[in-house]
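>>> Whatever this is, show me its structure:
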Amino acid sequence: MTFYKRIDTLQNGYAAQLEFLDHAWKIRAMNARPKLRLSRLRDIGWSVWDTIGLNDFDGKWQNVSCADEYDGYLIQAAGRLRANEPDEAVIDYLVKAETEYMGLTESARTKERAKATVDAIKADAAQIWRCPGT
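Next comes the predicted model:
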């Protein structure tokens with residue numbers, strides 16, 4: 001093998017290796033778990049769901065000690081929607097969270113609020129979820 005053919009072979013091998021690494025990185029990025037923007041989810045929880053009337057703080061959850069009051073329920077709902085669980089099942093989960101876990105009495109607005117929350121999470125999914133590196 002001549003000197004120039006050897007260099008060409010090395011360059012082609014290097015290019016193939018770079019192509020493989022680029023492909024592997026793209027696959028890793030596609031499989032990466034998205035990060036949740038909790039602040040956006042809290043905005044929805046406080047302004048749309050607000051089962052226990054935290055809007056007495058003018059809907060501003062920042063700088064109040066109970067800012068995380070709805071986090072667990074909303075994270076669960078957002079995760080279920082991201083996993084393509086049917087809307088009705090997520091609505092039922094939020095109704096159950098309000099009536100069984102929080103111990104509140106179901107009212108005419110309970111299911112309506114839960115549906116509005118599911119709709120808001122779905123409508124704002126691009127702002128709630130972000131992929132690592134974006």
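
>>> From here on, just use CA atoms for contacts and neighbour counts.
OK.

>>> how about the helices of this protein, start to end?
3-31, 38-44, 71-82, 87-96, 110-123, 125-128 (DSSP state H).

>>> Compare the mean pLDDT across those and name the weakest.
Of all those, helix 3-31 carries the lowest average pLDDT, namely a mean of 53.

>>> For A97, give its distance to R130.
Distance from A97 to R130, counting by Cα to Cα, to the nearest Å: 26 Å.

>>> thought D71 was touching R40?
No. With contact defined as Cα atoms under 8 Å, D71 and R40 do not form a contacting pair (10.9 Å).

>>> related to what we said a few turns ago, higher neighbour count, A97 and R130?
A97 (18 against 14; other Cα atoms under 10 Å).

>>> got a list of what the more buried one touches?
Y73 (Cα atoms under 8 Å, 6 or more residues apart in numbering).

>>> Could you do the one 5 residues further on as well?
With contact set as Cα under 8 Å, 6+ apart, M102 has no partners.

>>> how much space between it and I52?
Where I52 is concerned, M102 sits at a distance of 9 Å (Cα to Cα).

>>> cool, and A78?
Applying Cα to Cα to A78 and I52 gives a distance of 20 Å.

>>> So those two - more neighbours on which side?
A78 (22 against 13).

>>> The more buried one and I121 touch, don't they?
Yes. Using Cα under 8 Å, A78 is in contact with I121, at 6.6 Å.

>>> List the buried residues of stretch 106-126.
T110, K111, R113, A114, K115, T117, V118, A120, I121, K122, A125 (16 or more other Cα atoms under 10 Å).

>>> need the contact list for the second one.
Think K111. Contacts of K111 by Cα under 8 Å, 6+ apart are I91, D92, V95.

>>> End to end on stretch 84-103, go ahead and measure it.
Start-to-end, stretch 84-103 (Cα to Cα) is 28 Å.

>>> buried ones in that stretch?
D87, V90, I91, Y93, L94, V95, K96, A97, E98, T99.

>>> any chance of those residues in JSON lines, plus distance to A67?
Output for the buried residues of stretch 84-103, formatted as JSON lines (distance: Cα to Cα, whole Å):
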{"residue": "D87", "distance to A67": "26"}
{"residue": "V90", "distance to A67": "22"}
{"residue": "I91", "distance to A67": "22"}
{"residue": "Y93", "distance to A67": "21"}
{"residue": "L94", "distance to A67": "18"}
{"residue": "V95", "distance to A67": "20"}
{"residue": "K96", "distance to A67": "21"}
{"residue": "A97", "distance to A67": "17"}
{"residue": "E98", "distance to A67": "17"}
{"residue": "T99", "distance to A67": "20"}
